[in-house]
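Peer 1: Need a 3D model of the sequence below.
(one chain, ligands or ions: 1)
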Amino acid sequence: MAYDWFNRTGPGESEAGAPPAPAADAPDPNAEALEWARQAYARLKAQQEAQQLAEQVVEQGPQMGSPPTPLQDSVQPVHNSAGASAPSSAALAPAPEPAAAAPSLLEQAAAQRAERQQAITASPPADTPPADTETDTAEPSLGDFDTVFTWSAEVLAAQGKRADQVSLEEIDWLGRLRGGLEKTRQGFVTQLLDKLGDDPLTPEVLDDLETTLLRADVGVKATDQVLDALRQRLNLEVVDPSEGLRFLKEQLRAILDKPIKASPAALLAPQRQQLNVWLLVGVNGVGKTTTLGKLANLAVRSGYSCLIAAADTFRAAAVQQVQAWGERSNVPVVANPSANADPAAVVYDAIGAAQAKGTELVLVDTAGRLQTKHNLMEELAKVRRIIDKLAPEAVVESLLVLDASQGQNGLRQAMAFAKAAGLTGVVVTKLDGSGRGGVALAVASEAGLPIRFIGAGEGIRDLRPFNSFEFVEALLAR
Ligand code: GDP
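Peer 2: Numbering: from 1, shown residues only. Coordinates of the predicted model:
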């Protein structure tokens, strides 16, 4: 079974439905954490080398008369300054079979991988190219053993992952998330960490923190909550900077987690073997279509059957754009190309097709004219009625897509949509292009909506389920 990106579980792991809780004995940034990171790195490196070798075998084909290269010879255990070495290569990949007419298991696996890769990376038609199509779909590759790797490894270790559970995908994503929050961090944390210095926290530092939080668009409510908690703590005892930072992170996580805890599930994942309908709503330009394309890709990679309903029939290019995203992940798209087709009719057809094929996830792109237009909300309500009538058994989610760079304006949109569209969650996009990543906290505290996914880039893999621990660590990374 494929790695389930929605539940963040690999084959054999239980679908706990919740991000792993930070381990009580999480290694702090010391030798233990570094050693853990080294082991994880060595293991990933050995895996990558084994895979590259398998691909070479397939490319070159079995050499007649020459003996096959034994895998063990080619995969060198990775040694590093601490002396950590990769697990034996035999544990990572089966030994190659002697050259024969029938392809070996390795060759078959590599061929299947290449086929899958090709299917996932099928390039879109030339007229609607999402950015970076050539490079952004390539499988992640292991970079250097640098600070971003060790930071990512620490974040995974602190959540209770073992070194042998770390995947390249997870490391790759954490690096992207950290990079994506760079702008917010520059304006926010760098100042804050400078102010914290080496001395115990003072009321003046807290005043500065207040300004910093408001500037990062954290919003008045969440800022007040964090500051009240910190001031109370300061009244009781002397708080040194590292404890101040730890306590601040805890407060920020609590704000983000509150609506998640109040919702039915910690992670939003489609229910397997059931119809799930996810409506994506939001004003034009926030990244709704891109998010839908990325979600379709996550679904395919996680082994769910998926279908897209192109129900934004008001914008001429929207249907084509959705079709291009569908092609990239080999996901069928139900559309009506005629101008001003009825969105509810498209949804009607899509639900019918999904029911006939036993599809698990239907992603619905909806129109996104400004929320002040009364008929947009009417339209959304009509689409919702069709779903409820046709598929009362379906698990329906209404996800608001919000552009982080719009800051407080995005928050106002969330409030307006929340009233009219029965929202169940939020996807925050464009965290990479904005210094206003703090708006995630404002949405959680003021709109009371759980953040379900975050987007930090235009690439197909730049979207992941939201995890407050990782978000706060990336926001406050040193
Ligand atoms: P829609 O009108 O809401 O459907 O928005 P689109 O999906 O067409 O996206 C509008 C623009 O935002 C496009 O240029 C996307 O490539 C870009 N975009 C979407 N998500 C992200 C993101 O997470 N980061 C960045 N930098 N750009 C994004």
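Peer 1: so who does whichever residue of the stretch 351-478 of the chain sits closest to the ligand touch?
Peer 2: The stretch 351-478 of the chain approaches the ligand most closely through residue 455 (3.3 Å), counting by Cβ to the nearest ligand atom. No exception for glycine: its C-beta is placed from N, CA and C like everyone else's. Listed by Cβ atoms under 8 Å, 6 or more residues apart in numbering, the contact set of residue 455 reads 287, 290, 291, 294, 427, 428, 429, 430, 431, 462, 463.
Peer 1: Outside of stretch 161-175 itself, list whatever touches it.
Peer 2: The contact list for stretch 161-175 (Cβ under 8 Å, 6+ apart) reads 3, 5, 10, 13, 20, 36, 39-40, 43-44, 47-48, 87, 139-143, 148-149, 151-153, 155-157, 461, 464, 470, 474.
Peer 1: what residues are up against residue 252?
Peer 2: By Cβ under 8 Å, 6+ apart, the contact set of residue 252 is 226, 441, 468, 472, 475, 476.
Peer 1: Can you select the buried ones among those residues for me in ChimeraX?
Peer 2: Per 16 or more other Cβ atoms under 10 Å, the buried members of the contacts of residue 252 correspond to this ChimeraX selection:
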select :226,441,468,472,475,476
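Peer 1: Can you name the two of the contacts of residue 252 that sit furthest apart?
Peer 2: Spanning the widest gap among those are 226 and 468, at 13.9 Å by Cβ to Cβ.
Peer 1: separation between residue 251 and the ligand?
Peer 2: Distance of residue 251 to the ligand, given as Cβ to the nearest ligand atom, to the nearest Å: 26 Å.
Peer 1: er, residue 277 actually
Peer 2: 18 Å.
Peer 1: tell me the SS of that residue?
Peer 2: For residue 277, the assignment made with DSSP: H, G, I helix; E, B strand; the rest coil gives strand.
Peer 1: What is the burial count for it?
Peer 2: Using other Cβ atoms under 10 Å, residue 277 has 27 neighbouring residues.
Peer 1: Would you mind finding the longest helix in the chain?
Peer 2: Secondary structure of the chain per DSSP state H: the longest helix is helix 31-60.
Peer 1: Report the buried residues of it.
Peer 2: Buried-residue list, helix 31-60, by 16+ other Cβ under 10 Å: 33-51, 53-55, 57-58.
Peer 1: cool, stretch 237-256 as well?
Peer 2: Buried residues in stretch 237-256, defined by neighbour count with 16+ other Cβ under 10 Å: 239, 241, 244-245, 247-249, 251-256.
Peer 1: So what's the residue count around residue 303?
Peer 2: 14.
Peer 1: Low-confidence bits of the stretch 351-478 of the chain, can you list those?
Peer 2: Along the stretch 351-478 of the chain, the parts satisfying pLDDT under 70 run over 369-374.
Peer 1: switch to 90 and redo it
Peer 2: Within the stretch 351-478 of the chain, the stretches with pLDDT under 90 are 366-384, 405-423, 431-438, 456-462, 475-478.
Peer 1: ok, now the stretch 1-150 of the chain?
Peer 2: Of all residues in the stretch 1-150 of the chain, those with pLDDT under 90 make up the ranges 1-43, 45-144, 146-148.
Peer 1: where's residue 191 relative to residue 177, distance?
Peer 2: Between residue 191 and residue 177 the computed distance is 21 Å (Cβ to Cβ, to the nearest Å).
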